[in-house]
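# Using only what follows, build the 3D model:
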Amino acid sequence: MTAPHGFSVSRYAPERGTLAKLAARDSVVRRLDWPILLSALALSFIGALLVWSATRGRTELNNGDPYYFLFRHVLNTGIGVALMIGTIWLGHRTLRGAVPVLYTLSIVLILAVLTPLGATINGAHAWIVVGGGFSLQPSEFVKITIILVMAMLLAAKVDAGDQIHPDHRTVAKALTLAALPMGIVMLMPDLGSVMVMAVIVLGVLLASGASNRWVLGLIGAGVGGAVLVTALGMLDEYQINRFAAFANPDLDPAGVGYNTNQARIAIGSGGLLGSGLFKGSQTTGQFVPEQQTDFVFTVAGEELGFVGAGLILLLLGVVLWRACRIARETTELYGTVVAAGIIAWFAFQSFENIGMTLGIMPVAGLPLPFVSYGGSSMFAVWVAIGLLQSIRVQRPMTA
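Residues are numbered from 1 along each chain as shown. As a prediction, the model looks like this:
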């Protein structure tokens, strides 16, 4: 058969195939959620400046190189963006089939923390030192695994059209699989990560349409578990002190309440416009501990003021708003549940991190998504952005 103008079909087909690939790539780019991507990039950029300000004078940390943490933060962001692109390329539906492997790998990694391979940093035995100054916190990736494994189970029969809502047996199985890594992380102990995981589980259940009895039961079990853990003395002394300082900020202002008090002083001194980048007295004086990680928001409050801190809140709000839109517009329960788990994760962790710097939440050692320094956290949140983008890209186009 001959095509018009004498071109054979066999010669014309490769050209059509190339055009189809180009069109597909263009379609992916067009269907990306650009507000959420640009907001996440802006948060990482602001975080780089804040981390640089907090660490450029810390010679005991940066080995005399004022750009040490800045370079690594930018590098972590670059790797995170690459992981996001890889996640979009694979697709959340492809990853759905790999969930059993990912779940098993997560269990192996967090169990490795409890072996001699694990290292204690800031009171939590939650790290694996890779070498060359790099460390890995497996609990950050467990958050993603819990979202994926629960979404896979809860949505399987619903997406297949066999059920309207997940049945009790399916919910029980999903909760059991989520409880196993949470229990191991609790043994580290990494109470902050467990709190985030519990909120993720709650968000996933609510989005899946599971019976409200499960949701209420989970809340009751959480309260009872907290009482039991405290009664059995499973919390380390530093964790108990953090809650005591939260309940009574004047308990020991020079001891357990020092971090929170200095954080509030730093934020309060910023006023409307702040003292200027690199000019904060609390920051340059190194009064606030862990200012490049858990307390990075204090740098924004002091040096960028209410306007700069408000910009961070606005950008986080855009990320959550667009994530909610992605969850609402997808036509499959699996995508909705994955997006809901990410929303619960980002929302609670942001609230807890900022809240502890303001003294309205206990200190829990959680980083501020995209802003705080830390490779594991940065990689995990960008993979989550990749999952959200994949859900948006692969949804059916509406007329």
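# What is the neighbour count of residue 326?
When neighbours are defined as other C-beta atoms under 10 Å, residue 326 has 26 of them. The C-beta positions use only the backbone N, C-alpha and C, and glycine is treated the same way.
# Tell me the confidence at it?
Model confidence at residue 326, expressed as pLDDT, equals 95.
# wait, what's in contact with it?
33, 36, 335, 339, 388, 391-392 (C-beta atoms under 8 Å, 6 or more residues apart in numbering).
# wait, is residue 377 part of a strand?
No - residue state for residue 377 (DSSP: H, G, I helix; E, B strand; the rest coil) corresponds to helix; a strand is not indicated.
# ok, it touching residue 137?
Yes - the pair residue 377 and residue 137 passes the contact test of C-beta atoms under 8 Å, sitting 7.3 Å apart.
# Could you work out the most separated pair of the contacts of residue 326?
Across the contacts of residue 326, no pair lies farther apart than 36 and 335, at 14.8 Å, counting by C-beta to C-beta.
# can you pull out the helices in the stretch 251-399 of the chain?
In the stretch 251-399 of the chain, helices defined by DSSP state H, counting those that start in this stretch lie at 258-268, 281-284, 296-299, 305-329, 333-358, 375-393, listed in chain order.
# Could you give me the buried positions within the fourth one?
Pointing back at helix 305-329 there. 305, 308-309, 312, 315-316, 318-320, 322-323, 325-327 (16 or more other C-beta atoms under 10 Å).
# between it and helix 375-393, how big is the angle?
For helix 305-329 against helix 375-393, the angle between stretch directions is 50 degrees (axes from the mean of the first three to the mean of the last three C-alpha atoms, to 10 degrees).
# Now do helix 305-329 against helix 258-268, angle only.
Using the same axes, to 10 degrees: helix 305-329 against helix 258-268 is 100 degrees.
# Between residue 36 and residue 335, which has more neighbouring residues?
Shown here are residue 36 and residue 335; by other C-beta under 10 Å, residue 335 has more neighbours (26 against 22).
# Which residue comes closest to that one once chain neighbours are left out?
Distances taken as C-beta to C-beta, 6 or more residues apart in numbering place residue 391 nearest to residue 335, at 4.2 Å, with adjacent residues excluded.
# what's the neighbour count on the one you found?
Using other C-beta under 10 Å as the criterion, the residues surrounding residue 391 number 26.
# With residue 331 instead?
If we define neighbours as other C-beta under 10 Å, then residue 331 has 10 of them.
# mind checking how far it is from residue 31?
Noted for residue 331: a distance of 14 Å to residue 31, by C-beta to C-beta, to the nearest Å.
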